[in-house]
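> here is my input, please return the structure:
(chains A and B)
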Amino acid sequence: MPEKDAIHARPGMLLTAVPFAAALKMAVLEIAGPRVIAKVPYDAKLVGNPETGVIHGGVITALLDNACGIAVAGATGMPGTFATLDLRIDYMKPATPGEDIFAFAECYKVTRNIAFARGTAYQGDRDDPIATCAAAFMLATKSALGANLAPKRAAP
Amino acid sequence: MTAGARPGSEGEKRDLDALLGGIAFCRFLGIVAERRDGELALVLPFAQHLVGNPILPAIHGGVIGALLETTAIAQLVFELGGTKLPKPVDINIDFLRSGRPVDTFARARITKLGRRVVNVHAEAWQDTNAKPIAALRGHFLVSSEANAPA
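Model (predicted):
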């Protein structure tokens, strides 16, 4: 699927097509169908607590949201035609300052309208996560525009 | 009592700006405090590096999540005081509308204040707060010293 490859699916690539992912230096490490591993390297500008040096929860939110999105693209072969409906994140423990953050995400169910994904953010050991997430995505937003972004229909 | 429900003073705005300015990731995103219609809100001015979908274009969901989480934390520091930042336990974000490439505003309120855990709601909007683009519900651990009477 060249379309999918063009947007997401090359391991090792930086997500340069997504400006915020590029700003975080987010990279895809592995992708296999509906499963993906992505990474955000540690950076002092990502710190959310100046006292402890722990990375801001928003970085983990962005990484998990993006990784789940790539997993949905991998599962459906429809990159860019879905929107995150909701995202739940459980924070297990603070990220260790100075260490890169990884995310494993998988899309485990696709229905006609919705795809479900879950993910884990971790540093050394995936079985000792810093956070887990569950997300639902709305599929086939065909116009490639958010409903509130589509041009207004002309009055008849 | 919430920051959103009472007029924020200039002093309170300065305190919030100092808090936000001390957090590297908030500086990276560009989050600042603003008095708006007599209320205090956090503002995320639009910037190109915040985009998640360049085709629409739309702001990255992680950016909106980070804004909402920051708003919740700022609200807790604002109301409870204390020297330690509250720790997120879990958050649930509903994405209601695409975040257009314009400035985004957010405010939060404490739904339930427990001794150790606080439940917080936060909302983000662009044109009008009657049309939120995202909402957060979350639990945060607060240190017991933060809740002790001054």
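> who's residue B:107 bridged to?
With DSSP bridges as the criterion, residue B:107 is bridged to residue B:123.
> could you check how far it is from chain A?
Residue B:107 sits 17 Å away from chain A, going by CB to the nearest CB, to the nearest Å. Every residue, glycine included, has its C-beta placed from N, CA and C.
> what number of residues lie near that residue?
Residue B:107: 24 surrounding residues under other CB atoms under 10 Å in any protein chain shown.
> that one contacts residue B:122, correct?
Yes - between residue B:107 and residue B:122 there is a contact at 6.9 Å, judged by CB atoms under 8 Å.
> which neighbours do those two share?
Contact criterion CB atoms under 8 Å, 6 or more residues apart in numbering or on different chains; residues bridging residue B:107 and residue B:122 by contacting each: B:71, B:75.
> quick one: secondary structure of the most centrally placed residue in chain B?
In chain B, the residue lying closest to the centroid (CA atoms, centre = their mean) is residue B:71, at 1.3 Å. Using DSSP: H, G, I helix; E, B strand; the rest coil, the structure places residue B:71 in helix.
> right, and it touches residue B:42 too?
Yes - Residue B:71 is within contact range of residue B:42, at 4.9 Å (criterion: CB under 8 Å).
> list residues touching both of these two?
With CB under 8 Å, 6+ apart, residue B:71 and residue B:42 have common neighbours B:106, B:107.
> check what pLDDT residue A:153 gets.
At residue A:153, the model reports a pLDDT of 59.
> in chain B, which spans are strands?
B:32-36, B:39-44, B:51-53, B:58-59, B:87-95, B:104-113, B:117-125, B:132-141 (DSSP state E).
> show me the contacts for residue B:9.
Taking CB under 8 Å, 6+ apart, one finds nothing in contact with residue B:9.
> before we move on, what about residue A:111?
Contacts for residue A:111 (CB under 8 Å, 6+ apart) come out as residue A:139.
> surely residue A:63 is in contact with residue A:41?
No - the pair formed by residue A:63 and residue A:41 falls short of the contact definition of CB under 8 Å, at 10.9 Å.
> neighbour count for the two, which is higher?
Taking neighbours as other CB under 10 Å, residue A:63 and residue A:41 compare with residue A:63 leading, 26 against 12.
> what about the more buried one, is that helix, strand or coil?
helix.
> quick one: it from residue B:44, how far?
As for residue A:63, its distance to residue B:44 is 19 Å (criterion: CB to CB, to the nearest Å).
> next, format the strands of chain B as a markdown table and append mean pLDDT.
As requested, the strands of chain B are exported to a markdown table (pLDDT from 0 to 100):
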| stretch | mean pLDDT |
| --- | --- |
| strand B:32-36 | 85 |
| strand B:39-44 | 88 |
| strand B:51-53 | 91 |
| strand B:58-59 | 94 |
| strand B:87-95 | 97 |
| strand B:104-113 | 95 |
| strand B:117-125 | 97 |
| strand B:132-141 | 97 |
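> which of these is buried the deepest?
Among the strands of chain B, the stretch with the highest mean neighbour count (mean count of other CB atoms under 10 Å in any protein chain shown) is strand B:58-59, at a mean of 26.
> what lines up beside that strand in the sheet?
strand B:51-53 (antiparallel).
> got the end-to-end distance for stretch B:55-65?
Length of stretch B:55-65, first residue to last, CA to CA, to the nearest Å: 20 Å.
> what's it in contact with?
A:18-21, A:58-59, A:61-66, A:80, A:84, A:87, A:144-146, A:149, B:29, B:44, B:46, B:50-53, B:91, B:93, B:95, B:98-101, B:104, B:124, B:133-134, B:136.
> center of chain A, which residue is that?
By CA atoms, centre = their mean, chain A has its centre lying nearest to residue A:66, at 1.4 Å.
> circling back: the strands of chain B: which one's closest to residue A:76?
Comparison of these against residue A:76 by CB to CB identifies strand B:51-53 as nearest, at 16.3 Å.
> so what touches the closest one?
Residues contacting strand B:51-53 (CB under 8 Å, 6+ apart): A:18-21, A:66, A:80, B:57-63, B:98, B:101.
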